[in-house]
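Participant: One predicted model, sequence on top.
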Amino acid sequence: MLSPSADGLTFFKECLRSFRRFKRALGSSEDERVVFLSWVQCRLKRARCYRRALNSVERGTLELTIALAKKGLVKVVSMDLLNAIGLVLMKVKGAVLRFCDVLAEEGRSILADICRVAASWGIGEARSWLRDKGFATYLGLMKRSVGMQWAAG
């Protein structure tokens, strides 16, 4: 189990990994962190949740980090800064992660249950299903679509 102070850093790294898969070709790791934070800020503003979802301190942290990094006055490498930004990003999780990653996270709980049942039936390869992100994404999508059918019906 991670300490509470490392949760933001871990989440920031997860979001950055998701962003790398989305954008594919970026420069150095410092530059991509600034590009990622600018992208997050733009996406939140476009979704009209930038002011509602984040308080003034959180917005200020993002804005100051981006502005100083673009001017070359700071490098976004401090573990404490990345942890603070990660904690801010946790509040707006749905806007930061790719949709597939959100679905995979939703499907993991169902996948664990399916693997447990399959293993109890004697299917030896059921444990390897736990690492299958595509299957978890599919289950998350099915969970959402069934939920939408209940809402429509």
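Facilitator: Cool, got the structure.

Participant: quick one, longest helix in this protein?
Facilitator: Longest helix of the chain, by residue count under DSSP state H: helix 99-120.

Participant: His10: neighbouring residues, count only.
Facilitator: Just so we're on the same page, residue 10 is Thr rather than His. For Thr10, the number of neighbouring residues by other Cβ atoms under 10 Å comes to 14. Heads up, the C-betas are built off the backbone N, CA and C, glycines and all.

Participant: ok, now how distant is the residue of the chain positioned farthest from its centre from Ala67?
Facilitator: In the chain, the residue that sits farthest from the middle, by Cα atoms, centre = their mean, is Gly122; the gap is 34.7 Å. As for Gly122, its distance to Ala67 is 59 Å (criterion: Cβ to Cβ, to the nearest Å).

Participant: ok, and what's touching the longest helix of the chain?
Facilitator: 14, 18, 93-94, 97, 126-127, 129-130, 132-133, 135-144 (Cβ atoms under 8 Å, 6 or more residues apart in numbering).

Participant: which among the residues you listed end up buried?
Facilitator: Buried members of those, counted by 16 or more other Cβ atoms under 10 Å: 14, 18, 97, 126, 129, 135-141.

Participant: Which residues does the helix or strand of the chain with the lowest mean pLDDT contact?
Facilitator: Least confident element among the helices and strands of the chain, by mean pLDDT, DSSP states H and E: helix 93-96 (a mean of 73). The contact list for helix 93-96 (Cβ under 8 Å, 6+ apart) reads 11, 15, 18, 40, 43-44, 47, 49, 53, 89, 102.
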